[in-house]
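Chemist: turn this into a structure:
(4 chains)
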Protein chains: 2
Amino acid sequence: MSETNETLEEVCRTLEQLYDDEDPTAGLEQRRPNEDAVETQATVFGALANDHRIRVLEALREGELCACELQVVLEAPQSTVASHLRTLRDAGLVKSRKKGKWTYYRIADTAVLELLDLATAVAVPEND
Amino acid sequence: MSETNETLEEVCRTLEQLYDDEDPTAGLEQRRPNEDAVETQATVFGALANDHRIRVLEALREGELCACELQVVLEAPQSTVASHLRTLRDAGLVKSRKKGKWTYYRIADTAVLELLDLATAVAVPEND
DNA sequence: AGAACAAATCGAACATACACGATATGTCTG
DNA sequence: CAGACATATCGTGTATGTTCGATTTGTTCT
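Modeler: Residues are numbered from 1 along each chain as shown, chains lettered A, B, ... in the order given. The predicted structure is shown next:
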């Protein structure tokens, strides 16, 4: 039940021996992704990688809220909330709409909600 | 075409006036998400929020690779690659398999690939 | 056993991210 | 227009993340 893995090991070794003085990247350079895509992904995931910002997005699931309401949801100072909202907006995760004194925020794309749902589905191992 | 938004504004104002000495959280506490879910999401997104780690995952799309191959893909020192792989494994994004001298890494769950795809779909606004 | 290699861990320098008070900008209301 | 309020921005102390040389651990081969 383990013989199927032998071939892979051989491939790994073979590659190293074949390209001794040549470019050692072998066939691996084809595994390198598009630069712009990586940048977008890193921006998006970076914006999602924060407790407060996740809470904001979850709160916006059921519809838009103004900044002052999000302040209540987060139980955090105004300036803290404002800076998180800016991060989310810069990453394209939320859109804002100004209405008089208030600024209303809403989820920019359903993809954002799908991202949130998928992340909860991942099984994070507990490290003792 | 803009009158539907008036009601929301009124609600916001009404809530503040109603609960003057009471708990000001109004109906907003229902918008607060589950604590454990947020922690999982933050862990997952935190692990995804890095160029090198995204490249690793993209490289693993087509099948498992050993650490030394990933080192070639990333064009980074061994210790750097190793620490990123540890981060990915701790977050549950990849699984590892030891075979003799080598450690092979693979995507832990198809949800990880879906996360990567969804992130590229988000339209990040360019800030001038 | 000892040389050669893969990989994990450690540690310290360096870089980013975050929190949040203070302050500035913009808007409604009397 | 003054005063109250909603937000955005700025500045700075602090926390967290990243890099990577050096070292350690583990495995294979001779």
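Chemist: what does A:R61 show for phi and psi?
Modeler: phi -50, psi -50 (degrees, to the nearest 10).
Chemist: wait, is A:T120 part of a helix?
Modeler: Yes - according to DSSP: H, G, I helix; E, B strand; the rest coil, A:T120 belongs to a helix.
Chemist: which residue packs closest to it, ignoring adjacent ones?
Modeler: Residue nearest to A:T120 in three dimensions, not counting chain neighbours: B:A37, with 5.0 Å by C-beta to C-beta, 6 or more residues apart in numbering or on different chains. From N, CA and C alone the C-beta is placed, and that goes for glycine too.
Chemist: burial measure for that neighbour, as a count.
Modeler: With neighbours defined by other C-beta atoms under 10 Å in any protein chain shown, the count for B:A37 comes to 15.
Chemist: surely it meets A:V122?
Modeler: No - B:A37 lies out of contact with A:V122 (C-beta atoms under 8 Å); the separation is 11.1 Å.
Chemist: how much space between the residue nearest the centre of chain A and B:L116?
Modeler: Central residue of chain A (C-alpha atoms, centre = their mean): A:F45, 2.1 Å from the mean position. Applying C-beta to C-beta, to the nearest Å, the value for A:F45 to B:L116 is 9 Å.
Chemist: quick check: neighbours shared by the two?
Modeler: Any residue near both A:F45 and B:L116 by C-beta atoms under 8 Å, 6 or more residues apart in numbering or on different chains counts here, and that gives B:L48, B:I54.
Chemist: quick one: what helix or strand has the residue nearest to the centre of chain A in it?
Modeler: Under the criterion of DSSP states H and E, A:F45 resides in helix A:35-48.
Chemist: next, give phi and psi for A:K95.
Modeler: phi -120, psi 150.
Chemist: meant to ask about A:I107, not that
Modeler: Torsion angles, degrees, to the nearest 10, at A:I107: phi -60, psi 130.
Chemist: distance of the nearest residue to it once chain neighbours are set aside relative to DNA strand D?
Modeler: Leaving aside its sequence neighbours, A:I107 sits nearest to A:L60 (C-beta to C-beta, 6+ apart; 5.1 Å). As judged by C-beta to the nearest atom of the strand, to the nearest Å, A:L60 and DNA strand D stand 13 Å apart.
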